[in-house]
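Q: Provided below are the primary sequence and the corresponding predicted coordinates.
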Amino acid sequence: MSRVAYCTGHLHDQPLATVAEMARLAGYEGLDINGDGFEKSPPPHLTPRLDAHHREQARADLRDIDRAASALGANVYLVPDDDWRGQENLAYAMASIDLAAELGIPLVHCFTGRQAQSLSRAEAFSRLSDALARLCDHGAGRGVKVAVEGCVPHFIRSTADYLELIGNLPGADLRVCFDPSHIFLHGESEFEAAEKLIDRISIVHVKDAAGRFPDFSCPPLGAGEMDWPGLLSLLRGLGYGGQLAVEYEADQFGWKQDRMAAMLDARRFLRDQGF
């Protein structure tokens, strides 16, 4: 049975302990914790740069949530134009895996970023494959799975991109952080994507969407154009038992909803679908 987590980026201005308590009160089992370090990302709740004292504080902050039903986002641009920055970002993702292992969090997910202007797609794909192979190997030695998320403006975004990337890494257990809104927003069927990727999906980001990239919005769950009841039914029918993580971004598109109300509404929506 899938467990339901809440993505903490929506509450980036609140302490992690407050976010964990809000999630618990709203009925979430775990957290998908913002540890991002990409350009214009909100301040992270967890970062591998934490010293020993703050790591112990993080452990206390997470005491009342199910860390086995949680994840850590380490979203940095793994293939930027600057090769030195690429090595720095890879080191950040590696250290995020170490932090996840230390805190008992079983999954770290990352994304690719936009297409580097100085590289061809083939070169960028090759570098990304090498970076993810290293991350998967690092995670395997620490009991942490590594997933990649394709975002609609990034150079990995479609089902075919995922499958090509997985095919490039035959010896790695690369997982998928599946955000069907990105699939929907560039006009691909999120249902077909789920069917083709199901064996690799370890976490599903649950948020709604309307329109098509670049003219789009992400309304509150159930208020957009996606068929989430149908997709959740499909995932259940396919035997999906990984995490569901509510990702609330409606406030970035003009919706002004009380934060706890937004958390409760999304949890109620999923409960109505049997989760």
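A: That came in fine, so what should we check first? Numbering: from 1, shown residues only.

Q: What confidence value was assigned to Pro42?
A: Per-residue pLDDT puts Pro42 at 84.

Q: mind checking the SS state of it?
A: coil (DSSP: H, G, I helix; E, B strand; the rest coil).

Q: That one contacts Thr8, correct?
A: No - using Cβ atoms under 8 Å, Pro42 is not in contact with Thr8; the gap is 9.3 Å. Yep, even glycine has a C-beta here, placed from its N, CA and C like the rest.

Q: Which neighbours do those two have in common?
A: Shared contacts of Pro42 and Thr8 (Cβ atoms under 8 Å, 6 or more residues apart in numbering): Asn34.

Q: in the chain, what spans have low per-residue confidence?
A: Judged against pLDDT under 70, the chain has no low-scoring part.

Q: mind listing the helices for it?
A: In the chain, the helices defined using DSSP state H lie at 16-26, 52-61, 83-103, 121-140, 159-167, 180-185, 190-197, 228-237, 259-272.

Q: Redo these as a markdown table? Include distance to Asn34 and mean neighbour count.
A: Compiled in a markdown table, the helices of the chain are given as follows (distance: least, Cβ to Cβ, whole Å; neighbours: other Cβ atoms under 10 Å):
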| stretch | distance to Asn34 | mean neighbour count |
| --- | --- | --- |
| helix 16-26 | 9 | 19 |
| helix 52-61 | 12 | 13 |
| helix 83-103 | 11 | 18 |
| helix 121-140 | 18 | 18 |
| helix 159-167 | 23 | 17 |
| helix 180-185 | 18 | 25 |
| helix 190-197 | 24 | 18 |
| helix 228-237 | 23 | 16 |
| helix 259-272 | 15 | 17 |
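
Q: Of all these, which one comes closest to Pro153?
A: helix 180-185 (8.9 Å; Cβ to Cβ).

Q: who touches the closest one?
A: 149-152, 157-159, 189-190, 193-194, 204-205, 207-209, 211-213, 216, 218, 225-226, 231.

Q: ok, of the residues you listed, which come out buried?
A: By neighbour count, with 16 or more other Cβ atoms under 10 Å, those hold 149-152, 157-159, 190, 193-194, 204-205, 207-209, 216, 218, 226, 231 as buried.

Q: Out of these, list just those in strands.
A: Counting by DSSP state E, the buried ones among the contacts of helix 180-185 place Glu149, Val204, His205, Phe216 in strands.

Q: what about the closest residue to Leu238 other than its chain neighbours, distance to Gly237?
A: Leaving out its chain neighbours, the residue that sits closest to Leu238 by Cβ to Cβ, 6 or more residues apart in numbering is Ile198, at 4.7 Å. Distance check for Ile198 against Gly237: by Cβ to Cβ, to the nearest Å, it reads 10 Å.

Q: Run through the bridge partners of His109.
A: On the basis of DSSP bridges, His109 is bridged to Gly73, Ala147.

Q: I'd guessed it sits against Val204; true?
A: No - if you go by Cβ under 8 Å, His109 and Val204 don't touch, sitting 11.2 Å apart.

Q: Could you check which of Pro42 and Thr8 has the larger neighbour count?
A: Shown here are Pro42 and Thr8; by other Cβ atoms under 10 Å, Thr8 has more neighbours (27 against 13).

Q: got the contact list for the residue nearest to Leu238?
A: Leu235, Leu238, Gly239, Tyr240.

Q: Give me the spatial nearest neighbour of the first one, chain neighbours excluded.
A: Spatial nearest neighbour of Leu235, chain neighbours left out: Ala194 (6.1 Å); criterion: Cβ to Cβ, 6+ apart.
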